[in-house]
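# need the 3D shape of this:
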Amino acid sequence: MPAKTQFHLTTFIKKQVCKKRACFLNHEENHMKDLKPVICVCLMSAMLMASQALSPGISQLMVLYGAGESAVSLSITLPYLIAVPFALIAGNLAEKYSLRGLLLSGGVLICITGLGPYFVTDFAAVLLMRGCMGIGLGLLFTLTPAMAPAYYPEGAMRNLTIGMQSAWAGSGGFVFNILSGYLVRKKAQNIYLVYGLCVLFVVIVWILLPTLTVGEKKEKCSGFKPDGLFTGFLTFLFLSAGMTIALSVSVYLPERGLGGSVESGYVTSAYSAAAFIVGCLYILFAKILKERAVTAACLLAALGMFLCVFGGNLPCICIGSGMAGAGLSLFMPGCINRIICTVPADDVSMSIAVMMVGSCLGQTFSGAIINPVASLFGSGISIRFIVAAVLLLVTALLSAVTSSKKR
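Numbering: from 1, shown residues only. Take a look at the predicted model:
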């Protein structure tokens with residue numbers, strides 16, 4: 001081959017290699033840009049369960065503050081009550097301010113109010129900080145689900161983001177509960193250091209999340225619809241029963257002689273882990289269960305509650321807790337699909353907001369509903385799980401009776 005031709009051929013090959021390498025690097029850069037909002041959605045969704053990070057240390061906090069179980073449990077449920085009005089107004093704020101800025105503001109507020117109780121000993125001050133945490137949670141409750149349609153057009157990436165949001169929202173307590181269970185062993189107040197994870201999450205979101213404002217969405221809304229209100233009521237009942245594990249496990253295991261704070265962390269983490277797995281696979285379950293998803297979720301969670309009572313060892317209780325967590329990840333998306341099928345299109349958004357309010361109220365008043373009813377039948381903590389299981393069966397019955405309705 002002549003030297004000149006060989007030179008041109010070599011130059012051509014080099015140019016093609018450089019071109020392909022540049023295309024590959026550009027593709028990788030765009031791929032990472034596409035994934036950045038997904039990563040941020042996962043981290044912000046995990047923070048939705050931040051309030052429950054104290055559940056493995058309820059008994060130690062009772063000793064630390066000299067307070068009763070109901071008072072300490074209030075520090076877990078109070079943020080969800082305060083979150084209700086702020087969840088309702090967060091959508092209006094997003095029309096005026098940056099979605100990224102509001103998300104970071106909510107995350108920073110959770111960090112400050114989460115770590116703050118480590119530096120104080122007055123329980124009233126602790127409750128005040130925990131109440132303020134509800135403001136941040138309220139912002140995230142509404143704005144985190146809004147990230148999927150805000151950052152992605154309709155298609156595979158939006159569907160992936162919605163699925164991951166559901167999975168991480170249901171399983172955010174996994175790492176929190178394991179770590180808090182270990183932290184509380186040395187010193188009760190150390191349990192608040194678990195919110196250092198939230199600081200890490202917020203920093204990552206601040207670095208990765210692009211600036212974007214949620215556009216105004218014009219939509220006719222004629223008011224609350226009966227089917228939407230009924231789904232919100234079902235959500236209230238389900239969460240009232242489902243929170244029993246988080247609120248009672250740290251006193252239930254010592255009563256059964258099955259462990260303390262670390263073991264409590266295992267049980268609550270089994271709940272979160274199962275919620276995460278089922279949330280990721282929800283699309284597959286939805287194809288099988290269809291409109292029966294909500295009813296199946298209630299039955300699965302009820303069976304898990306019964307297993308926590310009648311299981312004679314820690315692994316059985318962990319499995320029961322996992323079944324309840326799996327029920328949660330079937331229930332919440334199932335309720336959204338139920339709303340879409342039974343509520344006029346113009347009222348879907350309002351009905352989903354009502355559903356989230358039902359979720360917050362159920363988590364807030366769980367102890368106030370389950371514990372007094374259980375005390376009517378005895379003093380054992382296990383009775384709370386039985387009452388919760390019965391409430392879940394009632395919810396399943398109500399869902400089954402009305403699940404045939406279609407929009």
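
# ok, which stretches of the stretch 1-150 of the chain are helices?
With DSSP state H, counting those that start in this stretch as the criterion, the stretch 1-150 of the chain has helices at 3-46, 58-65, 69-96, 99-115, 123-151.

# redo the ones you listed as TSV? Include mean neighbour count.
All C-beta atoms are positioned from the backbone trio N, CA, C, and that covers glycine. Shown next, in TSV, are those (neighbours: other CB atoms under 10 Å):
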stretch	mean neighbour count
helix 3-46	13
helix 58-65	20
helix 69-96	19
helix 99-115	22
helix 123-151	21
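
# a markdown table for these, including distance to residue 267 and mean pLDDT?
Converted to a markdown table, the helices of the stretch 1-150 of the chain look like this (distance: least, CB to CB, whole Å; pLDDT from 0 to 100):
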| stretch | distance to residue 267 | mean pLDDT |
| --- | --- | --- |
| helix 3-46 | 19 | 58 |
| helix 58-65 | 13 | 84 |
| helix 69-96 | 15 | 78 |
| helix 99-115 | 22 | 90 |
| helix 123-151 | 22 | 84 |
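
# can these go into TSV with extra columns for distance to residue 237?
Shown next, in TSV, are the helices of the stretch 1-150 of the chain (distance: least, CB to CB, whole Å):
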stretch	distance to residue 237
helix 3-46	23
helix 58-65	23
helix 69-96	15
helix 99-115	27
helix 123-151	19
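
# between these, which gets nearest to residue 294?
Closest to residue 294 of the helices of the stretch 1-150 of the chain is helix 123-151 (CB to CB; 18.4 Å).

# helix 58-65 and the closest one, what's the angle between them?
Relative orientation of helix 123-151 and helix 58-65, computed by axes from the mean of the first three to the mean of the last three CA atoms, to 10 degrees: 140 degrees.

# packing partners of helix 123-151?
helix 3-46, helix 69-96, helix 99-115, helix 156-171, helix 348-375 (3 or more CB pairs under 8 Å, 6 or more residues apart in numbering; DSSP states H and E).

# follow-up on the earlier one: quick one: which of the helices of the stretch 1-150 of the chain is nearest residue 168?
When the helices of the stretch 1-150 of the chain are compared by CB to CB, helix 3-46 sits nearest residue 168, at 3.8 Å.

# hang on, the earlier thing: among the helices of the stretch 1-150 of the chain, which is nearest residue 281?
Closest among these, using CB to CB: helix 3-46, at 15.9 Å.

# gap between stretch 255-270 and the chain center?
From the chain centre to the centre of stretch 255-270 is a distance of 21 Å (CA atoms, centre = their mean, to the nearest Å).

# try stretch 351-370
On CA atoms, centre = their mean, the centre of stretch 351-370 falls 13 Å from the chain's centre.

# for the nearest residue in space to residue 195 that is not next to it in sequence, what are its contacts?
Excluding its sequence neighbours, the residue lying closest to residue 195 (CB to CB, 6 or more residues apart in numbering) is residue 114, at 3.0 Å. Contact analysis of residue 114 by CB atoms under 8 Å, 6 or more residues apart in numbering lists 50, 53, 133, 192, 194-195, 198.

# ditto for residue 394
Residue 394 sits next to residue 237 when contact means CB under 8 Å, 6+ apart.

# and residue 233, by the same measure?
So residue 233 contacts residue 358 (CB under 8 Å, 6+ apart).

# cool, the one 4 residues further on as well?
Residue 237 makes contacts with 362, 391-392, 394-395, 398, as judged by CB under 8 Å, 6+ apart.

# any idea how far it is from residue 298?
Going from residue 237 to residue 298 by CB to CB, to the nearest Å gives 9 Å.

# got a pLDDT number for the residue nearest the centre of the chain?
Centre of the chain computed as the mean C-alpha position; nearest residue by CA atoms, centre = their mean is residue 169, 2.6 Å away. Residue 169 is assigned 76 on the pLDDT scale.

# any idea how far the residue nearest to it when sequence neighbours are not counted is from residue 153?
Nearest residue to residue 169 in three dimensions, chain neighbours excluded: residue 45, at 4.2 Å (CB to CB, 6+ apart). Computed as CB to CB, the residue 45 to residue 153 distance reads 21 Å.

# on that earlier part again, these two touch, right, the residue nearest to the centre of the chain and residue 48?
Yes - using CB atoms under 8 Å, residue 169 makes contact with residue 48 at a distance of 5.0 Å.

# which neighbours do these two share?
Common neighbours of residue 169 and residue 48, counting by CB under 8 Å, 6+ apart, are residue 144.

# next up, the contacts around residue 306.
Residues in contact with residue 306 (CB under 8 Å, 6+ apart) are 320, 385-386, 389.

# tabulate those (CSV), appending pLDDT.
As requested, these are exported to CSV (pLDDT from 0 to 100):
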residue, pLDDT
320, 87
385, 84
386, 86
389, 88
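
# now, these that are in helices?
Judged by DSSP state H, helices contain the following of the contacts of residue 306: 320, 385-386, 389.
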